[in-house]
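Could you look at this predicted model? Sequence included:
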Amino acid sequence: MSLVTEKNKENKREKWGSKIGFILAAAGSAVGLGNLWKFPYSVGNNGGGAFVMIYLIFLILIGMPLMLAAITLGRKTQLSAVGAYRSIKKNWAFVGGLGILCGFFILAFYSTVGGWVIYYCIKAVMGDLAIKDPNVLGAIFGDFISSPTSSIIYQGIFLILTLLIVIRGISSGIEKASKVMMPALFAMIILIAIRSVTLPGALAGIDFFLVPDFSKINMDVIMNALGQVFFSLSIGMGVMVTYGSYLDKDTNLIGASASIPVLDTMVAMLAGFATLPAVFAIGFKASSGPGLMFVTLPAVFASMPFGMLFCILFFILVLFAALTSSISMLEVCVSYFVDEKGANRIKAAMIITVTMYIVGIPATLSMGPWQELHILGNLNFFDFYDKLTSNILLTSGGLLLSIFVGWIWGAENAVEEIEKIGKKFIFASLWKFLIKYIVPPAVFIILINSFKDVITAIF
């Protein structure tokens, strides 16, 4: 047998083993730490139920059309993010490159928080978080992230877990892991939500979360809802194009692409029920970001019956959410080298992971001893990576994706690919209108606001 034949056999492109495996993996990519700490706070801080209503409208008008566009492009080309664009229009390959760069830098700093989660999983299991005083818990968190050795070690452990899944490939690695982690994630978050809403005094938190306050609706609230949809689904980094490229041609793209935003939103809503009623019932103040997850919630769990059990479940849930996202970001990078360069998956994944670890160490240190080390204006390494990816690369990628599918490849050609299984796309006209005329200007507005945030952060 010739070397060429051997190489082709070795590099034969993988496929998802099942439709549900793809949906769970893709939904897992969208479901991440932002669902668990940002969405509940954003809802309560932007008019409660009114924000949810606006969010759902944007999910249908912006999120779902973009999701379908990305997955359709991937399945059409059966190539990585770079190859997908280049195969249709050569000089658009850079869009896929932006996605790969985005995924690389997001995981470089995302692994910092992933390391924190692993540390807190261990602390929860050992019973070290059975502390009701948030001030004491805040000191524990501050001491941990200030320790360069501990933070860097746990960051490395998180990246190793991500690597171990990705090197096993699509069906044997990512799909199998997602089939375990996603159902477990739903089971745990439902259990925690039930416990949260049944606590005495939980009704105040439910009201805070769901009851609309239409007087709070203004342009900022609308923009926050639009941004939450876009950033929650993370379509601009090439993950959905890459995941879509592993689909068989007989997959119903409409049902698959609709399921992912729905599952993502379900987790976000359940996260609201799991956290805010409990926070209000115990009498703590809801806050955003790490303060809510690593300080306030452990204090809440310590104050409720069987709280340590729910604390353990919560941090395992958060770890699963972090991992289902991180494996998708690593896969975007790995698929490029496997598809475009003919690289061995295991070697490519290992080299990329080590490089991410090295690049990510400054981000980890910037949350502790390097916190005051600014590399651009007022931005430290962690903030710089965050602004570069979330505000520039991710939004630019989403904008260019919508323009590419709607105008360069052509919405009509995309519909032809969607209907290849012989099933009529009854909303084809509406989808073509949205992807050509509504989605691009909406994402462009997000991009402009994102640039404003970057400029404000720098100066």
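Here it is on my side, so go on.

Ends of stretch 69-86, what's the gap?
16 Å (C-alpha to C-alpha, to the nearest Å).

for that stretch, what is the average pLDDT?
Taken as a whole, stretch 69-86 has a mean pLDDT of 96.

how distant is that stretch from the center of its chain?
The chain centroid and the centroid of stretch 69-86 are separated by 20 Å, computed with C-alpha atoms, centre = their mean, to the nearest Å.

And the closest residue to Asp264 other than its chain neighbours, how far from Ser232?
Among residues not flanking Asp264 along the chain, Ala30 sits closest, at 4.1 Å (C-beta to C-beta, 6 or more residues apart in numbering). Every C-beta, even on glycine, is put in place using the N, C-alpha and C of the backbone. Distance of Ala30 to Ser232, given as C-beta to C-beta, to the nearest Å: 6 Å.

Ser150 too?
30 Å.

Neighbour count: these two, which is higher?
Ser232 (24 against 17; other C-beta atoms under 10 Å).

which helices and strands sit right next to the helix or strand hosting the more buried one?
Applying DSSP states H and E as the criterion places Ser232 in helix 219-233. Here helix 219-233 is seen to pack against helix 39-45, helix 49-58, helix 64-77, helix 253-282, helix 394-403, helix 439-458 when contacts are counted using 3 or more C-beta pairs under 8 Å, 6 or more residues apart in numbering; DSSP states H and E.

any chance of the ones you listed in a markdown table, with distance to Cys121 and mean neighbour count too?
What follows is the helices and strands packed on helix 219-233, written out as a markdown table (distance: least, C-beta to C-beta, whole Å; neighbours: other C-beta atoms under 10 Å):
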| stretch | distance to Cys121 | mean neighbour count |
| --- | --- | --- |
| helix 39-45 | 21 | 22 |
| helix 49-58 | 30 | 19 |
| helix 64-77 | 31 | 26 |
| helix 253-282 | 17 | 23 |
| helix 394-403 | 28 | 25 |
| helix 439-458 | 31 | 17 |
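
Select, out of the ones you listed, the one closest to Pro369.
helix 439-458 (21.1 Å; C-beta to C-beta).

contacts for that closest one?
58, 61-62, 65-66, 69, 223, 226-227, 230, 376-379, 383, 387, 390-392, 395-396, 398-399, 402-403, 406 (C-beta atoms under 8 Å, 6 or more residues apart in numbering).

Distance from it to the middle of the chain?
Worked out by C-alpha atoms, centre = their mean, helix 439-458 lies 19 Å from the chain centre.

So what angle separates the directions of that helix and helix 64-77?
110 degrees (axes from the mean of the first three to the mean of the last three C-alpha atoms, to 10 degrees).

what comes into contact with stretch 332-347?
Under C-beta under 8 Å, 6+ apart, the answer for stretch 332-347 is 7, 10-11, 13, 79-83, 96, 99-100, 103-104, 166-167, 169, 237-239, 242, 245, 348-349, 352.

Any of those residues buried? List them.
79-83, 96, 99-100, 103-104, 166-167, 169, 237-239, 242, 245, 348-349, 352 (16 or more other C-beta atoms under 10 Å).

Kindly list the single helix or strand of the chain that scores lowest on mean pLDDT.
Of all helical and strand segments in the chain, the minimum by mean pLDDT, DSSP states H and E falls on helix 3-10, at a mean of 37.

Can you name the element that comes right after it?
Per DSSP H and E, the first helix or strand lying C-terminal to helix 3-10 is helix 19-30.

And the average pLDDT for that next one is what?
Here helix 19-30 scores 94 as its mean pLDDT.

quick check, distance from that helix to the centre of its chain.
12 Å.

Buried ones in that helix, by neighbour count?
Buried-residue list, helix 19-30, by 16+ other C-beta under 10 Å: 19, 21-30.

In terms of secondary structure, what does it contact?
helix 176-197, helix 239-244, helix 253-282, helix 307-341.

Mind checking those for the one nearest to Asp143?
Ranking the helices and strands packed on helix 19-30 by proximity to Asp143 (C-beta to C-beta) places helix 307-341 first, at 17.9 Å.

And that closest one, what's buried?
Neighbour-count burial for helix 307-341, counted by 16+ other C-beta under 10 Å, picks out 307-308, 310-340.

what's the following helix or strand after it?
Following helix 307-341 in sequence, per DSSP H and E, is helix 345-365.

For the helix or strand just after that next one, name the packing helices and strands.
The helix or strand immediately downstream of helix 345-365 is helix 381-386, counting by DSSP H and E. For helix 381-386, the elements it packs on are helix 93-125, helix 345-365, judged by 3+ C-beta pairs under 8 Å, 6+ apart.

Tell me where the model's unsure across the chain.
Scanning the chain for pLDDT under 70 picks out 1-11, 285-289.

cutoff 80 now
1-12, 37, 41, 44-45, 47-48, 212-214, 216, 234, 283-292, 459 (pLDDT under 80).

Tell me the spacing between Thr362 and Phe384.
For the record, residue 362 is Pro, not Thr. 9 Å.

and these two? which has more neighbours close in?
Legend: neighbour count by other C-beta under 10 Å for Pro362 and Phe384, higher for Phe384 (23 against 19).

wait, that one sits on Asn378?
No: using C-beta atoms under 8 Å as the test, Phe384 is too far from Asn378 to be in contact (10.0 Å).

who touches both of those two?
With contacts taken as C-beta under 8 Å, 6+ apart, Phe384 and Asn378 have no neighbour in common.

Could you say which of the helices and strands packed on helix 381-386 is packed most deeply?
Ranked by mean neighbour count, these are led by helix 93-125 with a mean of 24 (mean count of other C-beta atoms under 10 Å).

on that earlier part again, a markdown table for the buried residues of helix 19-30, including distance to Ala258?
Listed next are these as a markdown table, based on distance: C-beta to C-beta, whole Å:
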| residue | distance to Ala258 |
| --- | --- |
| Lys19 | 13 |
| Gly21 | 17 |
| Phe22 | 13 |
| Ile23 | 10 |
| Leu24 | 14 |
| Ala25 | 16 |
| Ala26 | 11 |
| Ala27 | 11 |
| Gly28 | 16 |
| Ser29 | 16 |
| Ala30 | 13 |
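
Relative to Gly49, which of these is nearest.
Using C-beta to C-beta, the buried residues of helix 19-30 come closest to Gly49 at Ala30, 22.5 Å.

give the contact list for that closest one.
So Ala30 contacts 232-234, 260-261, 263-264, 325 (C-beta under 8 Å, 6+ apart).

try 10 Å this time
By C-beta atoms under 10 Å, 6 or more residues apart in numbering, the contact list for Ala30 reads 63, 67, 232-235, 239-240, 260-261, 263-265, 267-268, 324-325, 328.

swap in Phe158?
Phe158 is in contact with 107, 110-119, 319, 322-323, 326, 357, 360, counting by C-beta under 10 Å, 6+ apart.

switch to 6 Å and redo it
Residues counted as contacts of Phe158 (C-beta atoms under 6 Å, 6 or more residues apart in numbering) are 111, 114-115, 118.

Let me have those residues in CSV, extended by distance to Phe39.
Shown next, in CSV, are the contacts of Phe158 (distance: C-beta to C-beta, whole Å):
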residue, distance to Phe39
Ser111, 22
Gly114, 19
Gly115, 22
Ile118, 22
